[in-house]
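J.: Sequence below, structure please.
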Amino acid sequence: MAVVIVAWALLVPPFSVPDETAHFSYVQSLAENGERPARGDGDPETRLFSTEEQVARQQVRNSVHFFDPDVKPAWEPSAERAWRAASEGLPRDDSRGTGPQAGHPPLYYAYEVAPYAATPGGDLFDRLFLMRLWSGLLMLVTAAGTWLLIGELVRDRALRLAGAACVGLQPMATFVSAGVNPDALLFAAYAVTLWLAVRVARRGPSRGAVAGLVAATLVVSLTKAAGLALVPAVLVVLVAAAARGRRPRASARVLAAIALGAAVVVAAGVGASQGVQDRVPADLRLGTLRGFLTYLWDFYLPRLPFQRDYGMPGGGGGWNLHEQTWAAFGFLEVRFPEPVYVLLGALALAAFAGAALAVRRGRVEVDRLTLAVLALTTLCLTISLHWRDFQTIRIGDGHVIQGRYFLPLMPIAGVAVAAALANLRERLRPAGAGLVLGAAAALQLASLSIVAGRFLA
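T.: As a prediction, the model looks like this:
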């Protein structure tokens with residue numbers, strides 16, 4: 001998987017991962033100025049990117065190939081010579097804003113300061129490549145967290161490998177993680193937090209497990225506002241596990257730790273998401289249940305004649321998210337032909353149906369508390385993402401929801417794959433796992449191929 005990360009980091013042109021320009025600028029502001037950037041939305045006096053980054057984007061034709069798919073990025077030697085000549089002495093510390101991304105908490109960006117600072121004599125592209133590799137390491141944590149999560153439910157190592165491989169080789173996740181993007185840390189933190197939550201749910205609370213779970217939840221909350229979607233599930237599992245403990249005094253101490261940890265996590269998360277909330281006036285922030293339900297219907301189902309148009313062809317939003325979640329590279333314009341997504345959707349449905357069958361047949365033992373954790377996490381993240389999208393539409397900013405925002409739920413999909421394979425006879429499971437692993441690798445190679453065709457051919 002490390003080879004795959006390196007391939008993505010090298011193959012994707014600079015600043016062609018979603019919002020990579022703003023995320024790089026955020027890191028640069030921390031490293032060069034020692035402070036978080038301002039939002040700078042609509043303020044002509046606020047320079048969103050440093051002079052160095054602006055010139056670099058011009059040299060690689062970043063803005064041009066975004067709008068014109070026939071234009072290729074600048075890979076030729078003459079472009080490199082032009083950059084070397086133009087980059088001499090360019091200011092790095094004159095950025096004062098990044099746009100909406102300035103509202104993100106600084107945890108991921110502080111993590112990326114290390115590779116940025118490790119190349120003081122290199123140019124911007126040296127720093128960017130090293131930052132991409134450093135970010136890509138988090139995908140290894142995501143795969144490892146998924147492996148541990150599946151291991152709480154399935155003991156067969158072949159099935160655990162298949163489920164973890166589907167996550168570690170997920171095309172869109174590797175593409176995003178091998179760029180400068182806080183989603184990489186969000187994926188990893190979600191995987192670890194889900195593993196620890198399921199571990200506590202199945203084995204009961206202990207000091208180490210509770211401390212680890214609260215710490216992991218704090219990390220995920222301080223990465224992006226989407227991390228708050230895990231807090232309800234974490235609280236449910238901790239309270240339920242402590243309540244059924246045999247030692248009342250120990251349970252009381254655990255509950256006290258839970259309350260303190262929850263308060264810290266929620267406070268940090270609310271502060272982290274304040275940058276998003278500030279953009280929505282108080283009267284619109286409350287919204288209306290009826291309008292939200294109408295929006296959801298319009299997003300996933302054919303629109304009825306009397307319903308408001310929320311900017312999606314009736315029912316088309318769900319399919320668009322499906323494609324973006326699997327494979328939509330560059331600025332979401334590099335995609336497979338439509339039949340590929342039909343096949344991927346059918347395979348995903350088969351995996352979850354197979355998982356449900358395995359649970360019903362007793363091939364995989366999943367207690368109610370574990371099911372509640374996985375279901376509540378899925379529901380909370382889905383509702384929160386759609387609620388934010390609904391808010392931004394109401395203030396006239398259009399849709400902001402994207403398929404990659406659902407990728408933190410990948411470990412749950414990995415569990416489904418492993419559980420579905422448990423329906424096979426024991427002697428056939430290694431072959432089934434090998435088939436899944438081969439299919440995941442083939443999809444990964446195909447994804448790299450279409451990206452290479454878009455940017456290199």
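J.: so where's this structure shaky on pLDDT?
T.: Within the chain, the stretches with pLDDT under 70 are 39-47, 62-69, 96-99, 120-121, 244-287, 312-315.
J.: Spatially central residue in it, please.
T.: residue 183 (3.8 Å; C-alpha atoms, centre = their mean).
J.: From residue 136, how far off is the nearest residue to that one once chain neighbours are set aside?
T.: Nearest residue to residue 183 in three dimensions, chain neighbours excluded: residue 176, at 5.1 Å (C-beta to C-beta, 6 or more residues apart in numbering). (Glycine included, C-beta is placed from N, CA and C.) Separation of residue 176 from residue 136 (C-beta to C-beta, to the nearest Å): 10 Å.
J.: Identify the contacts common to those two.
T.: residue 184 (C-beta atoms under 8 Å, 6 or more residues apart in numbering).
J.: Neighbour count: the two, which is higher?
T.: Legend: neighbour count by other C-beta atoms under 10 Å for residue 176 and residue 136, higher for residue 176 (27 against 23).
J.: Now the more buried one: which helix or strand?
T.: helix 171-177 (DSSP states H and E).
J.: Any idea how many residues pack against residue 297?
T.: Neighbours of residue 297 under the rule other C-beta under 10 Å: 17.
J.: now for the one helix or strand residue 416 maps to, which elements pack on it?
T.: Assessed by DSSP H and E, residue 416 sits inside helix 410-421. In terms of contacts (3 or more C-beta pairs under 8 Å, 6 or more residues apart in numbering; DSSP states H and E), helix 410-421 is packed against helix 124-151, helix 157-168, helix 183-203, helix 338-361, helix 368-394, helix 429-455.
J.: Now tabulate these in a markdown table and tack on distance to residue 100.
T.: Shown next, in a markdown table, are these (distance: least, C-beta to C-beta, whole Å):
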| stretch | distance to residue 100 |
| --- | --- |
| helix 124-151 | 20 |
| helix 157-168 | 28 |
| helix 183-203 | 14 |
| helix 338-361 | 28 |
| helix 368-394 | 10 |
| helix 429-455 | 26 |
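J.: Any idea which of those gets closest to residue 325?
T.: helix 338-361 (9.3 Å; C-beta to C-beta).
J.: which other residues reach the closest one?
T.: Against helix 338-361 from outside (C-beta under 8 Å, 6+ apart): 319, 322-323, 326-327, 335, 364, 366, 413, 415-417, 419-423, 443.
J.: between it and helix 157-168, how big is the angle?
T.: 140 degrees (axes from the mean of the first three to the mean of the last three C-alpha atoms, to 10 degrees).
J.: In helix 338-361, which residues are buried?
T.: For helix 338-361, the neighbour count (16 or more other C-beta atoms under 10 Å) marks 340-341, 344, 348, 351-352, 354-355, 358-359 as buried.
J.: sorry, back to before: how about the residue nearest to the centre of the chain, what does it touch?
T.: By C-beta under 8 Å, 6+ apart, the neighbours of residue 183 are 176-177, 224, 404-405, 407.
J.: Name the nearest of those residues relative to residue 3.
T.: Looking across the contacts of residue 183 and measuring by C-beta to C-beta, the closest to residue 3 is residue 177, at 13.9 Å.
J.: roughly how far apart are the closest one and residue 336?
T.: In terms of C-beta to C-beta, residue 177 sits 20 Å off from residue 336.
J.: repeat for residue 175
T.: 13 Å.
J.: Looking only at neighbour counts, state which of those two leads.
T.: More neighbours surround residue 175 than the other of residue 175 and residue 336, with 27 against 19 (other C-beta under 10 Å).
J.: who's in contact with residue 20?
T.: 14, 179-181.
J.: Most neighbours among the residues you listed, please name it.
T.: Neighbour-wise, these (other C-beta under 10 Å) top out at residue 180, 29 neighbours.
J.: can I assume it sits in a strand?
T.: No. Applying DSSP: H, G, I helix; E, B strand; the rest coil, one finds residue 180 to be coil, outside a strand.
J.: would you list the buried residues of helix 338-361 in TSV and tack on distance to residue 106?
T.: Shown next, in TSV, are the buried residues of helix 338-361 (distance: C-beta to C-beta, whole Å):
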residue	distance to residue 106
340	38
341	36
344	35
348	35
351	37
352	36
354	42
355	38
358	42
359	41
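J.: which one among those gets closest to residue 195?
T.: Using C-beta to C-beta, these come closest to residue 195 at residue 355, 17.4 Å.
J.: For that closest one, give its distance to residue 25.
T.: 42 Å.
J.: what's the answer for residue 384, then?
T.: 26 Å.
J.: Look at those two and report which has more neighbours.
T.: Shown here are residue 384 and residue 25; by other C-beta under 10 Å, residue 25 has more neighbours (27 against 16).
J.: Is the more buried one in contact with residue 50, as I believe?
T.: Yes. In this structure, residue 25 is within contact of residue 50 by C-beta atoms under 8 Å, at 6.8 Å.
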